[in-house]
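Pasting the sequence and the predicted model now:
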Amino acid sequence: MSINIPFDNTYATLPPEFYARQAPVPVQHPQLIRFNTALASELGIDGGVSDELATIFAGNALPKGAFPLAQAYAGHQFGGFSPQLGDGRAVLLGEIVDPNGHRRDIQLKGSGPTPFSRNGDGRAWLGPVLREYVVSEAMHALGIPTTRALAATLTGEMVFRQQGGLPGAVLARVASSHIRVGTFQYFAARQHIEGLRQLFEYTRARHYPDTKTPGDFLRAVIARQAHLVARWMAVGFIHGVMNTDNSAISGETIDYGPCAFMDSYHPVTVFSSIDRQGRYAYDNQREVIVWNMAQLASALIPMTPDEDAAVIDFTKAVHAMPAMIDAEWLTAFAPKIGVTHADETDRSLINDLLSIMQDGRADFTNTFRALGSPGARDQFVNPEVFDVWDTRWRARIKKENGWQERMKTANPAFIPRNHRIEQMIQSAVAGDYAPFERLLQVLSMPYSDQPGAEDLQAPPAPHEVVQQTFCGT
Ligand code: AMP
Ligand code: MG
């Protein structure tokens, strides 16, 4: 039986300024690494045998109904505006409506040059493809809004990066859409008001059908982004490149590049090799997302009937965001200490824990998971400081029923630790995909204790610590 992807494309009906028609560029020797059958059936994709899957998901054959295109967008990269970025190494194959009625994009990343490639080769190497595969699937299992990984294929071609020649690969990813803050900026920067209106109407109908005005739409996007960033923080996730072109309007985590999860807690943790100023450090994420939403607000202004009134209204919406993030943060962290309805005293209790974790170089994930058991104090280099906090917390938790169960579903045992990702990539480059498969398996149940997987729970030994992560290019 041949694969059937029931495409229902709408982005392709937008005017030509929105994209460039671009087929994926065929590769020498497509070879399937992995196909996410669970996700495929969730999407209503059926059929397909290995050879055909490799051909389709490496971009050598177009499935029936596909309308491949590279999307146009702009974006602020590390604060500087680029009026034209766009899909330089990706094509949108098309959209499908899943059996639950959710419209999703299927995109190939690493599928060859497009009119937006600038100086890039349009390709990806195996490392970032597997990193995105594992981390995005882990995020999904953690319950955090994210794009998903549908397939990974080898191209049989080499790509050349700083490290030398590396195996090329393509990731097939699924997203609620690939519309970014930068997509709005693209039209605003060109003063293309009609395009901006069409984009707004399209995006509103697709993601926020309950909103009507640009102001309501902005507030709805802000609410989802506040939720998202708070959830990232609650699992110690650092996106790494929160440029406005990497902020999805849908509120999903998108564009996994030099992202990483923290091991020991420190608010200024940053891994990305290109983030020398720490702009996108762990704790800065909550400020940067407000900045990104301010850019979305600015981009929406030119299409409003009364710009002065819109400036006042949108400024209010953006200024309200930090308090919203604080509230989302408390909602995300409260169950991590077993609390149902948290108040400001609980916020201090959580912040005090984070502060002693920082001083005590405690592992973020393992400390929360161990709270309430004797193992918690062992996470600290100065356990007596933890004991003082622990006494306070136990007095608080007495009032809570079922706190142990609540904490188990809020504090993962497993996160995709950076050193394990790096080791997995090294093995894969050497042809051994067993660590990749094992990571996927274990991370699909992050809140369950899994005997035999303790090695994936442990923080890195000193020689295993990864200091830097590199962009997906
Ligand atoms: P990023 O911030 O990594 O998501 O990418 C920023 C921009 O660079 C996007 O427009 C990408 O399409 C483009 N880009 C990144 N890597 C490549 C590549 N290898 N070839 C062409 N364009 C690329
Ligand atoms: Mg990007």
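Ah, there it is. Ligands and ions are numbered 1, 2, ... in the order given.

If you count neighbours, what's buried in the helix or strand that E95 is a member of?
Assigned by DSSP states H and E, E95 belongs to strand 90-97. The neighbour-count check on strand 90-97 (16 or more other CB atoms under 10 Å) flags 90-96 as buried. (Glycine included, C-beta is placed from N, CA and C.)

Let me have the residues you listed in a markdown table, adding distance to W329 and pLDDT as columns.
What follows is those, written out as a markdown table (distance: CB to CB, whole Å; pLDDT from 0 to 100):
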| residue | distance to W329 | pLDDT |
| --- | --- | --- |
| A90 | 32 | 98 |
| V91 | 37 | 98 |
| L92 | 34 | 98 |
| L93 | 37 | 98 |
| G94 | 37 | 98 |
| E95 | 33 | 98 |
| I96 | 35 | 98 |
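
per-residue confidence for the residue nearest to L69 when sequence neighbours are not counted?
Spatial nearest neighbour of L69, excluding adjacent residues (CB to CB, 6 or more residues apart in numbering): Y19 at 4.1 Å. pLDDT, Y19: 98.

T365 against N411, yeah?
Yes. Contact criterion CB atoms under 8 Å: T365 and N411 qualify, at 7.5 Å.

for the stretch 301-450 of the chain, what spans make up the helices?
For the stretch 301-450 of the chain, the helices defined by DSSP state H, counting those that start in this stretch cover 307-319, 321-333, 344-359, 364-370, 383-397, 403-408, 418-429, 434-443.

Out of the ones you listed, which one sits most buried?
helix 364-370 (a mean of 24; mean count of other CB atoms under 10 Å).

what is the mean pLDDT for that helix?
For helix 364-370, mean pLDDT is 98.

Stretch 201-214 now?
98.

got it, and stretch 55-68?
Averaging pLDDT along stretch 55-68 gives 97.

Please look at E252 and H178 and confirm they touch.
No. E252 is beyond contact range of H178, at 9.7 Å (criterion: CB under 8 Å).

Now do the same contact list for P214.
200, 300, 303-304, 310 (CB atoms under 8 Å, 6 or more residues apart in numbering).

farthest pair in those residues?
F200 and A310 (12.5 Å; CB to CB).

any shared contact partners between those two?
214, 300.

and the most centrally placed residue in the chain, bridged to which residues?
Centroid-nearest residue in the chain: T253, 2.8 Å away (criterion: CA atoms, centre = their mean). With DSSP bridges as the criterion, T253 is bridged to T146.

Can I get stretch 421-437 in CSV, CA atoms only?
Output of stretch 421-437 as CSV, limited to C-alpha atoms (Å, rounded to 0.1, in the frame of the first residue of the first chain):
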residue,chain,number,x,y,z
ILE,A,421,22.1,14.2,23.2
GLU,A,422,25.7,14.8,22.2
GLN,A,423,26.7,11.2,22.9
MET,A,424,23.6,10.0,20.9
ILE,A,425,24.7,12.2,18.0
GLN,A,426,28.2,10.8,18.0
SER,A,427,26.9,7.3,18.0
ALA,A,428,24.6,8.0,15.1
VAL,A,429,27.4,9.6,13.1
ALA,A,430,29.2,6.3,13.6
GLY,A,431,26.2,4.4,12.4
ASP,A,432,24.7,3.3,15.7
TYR,A,433,21.2,4.5,16.2
ALA,A,434,20.5,2.5,19.4
PRO,A,435,21.1,5.4,21.8
PHE,A,436,18.7,7.6,19.6
GLU,A,437,16.0,5.0,19.9
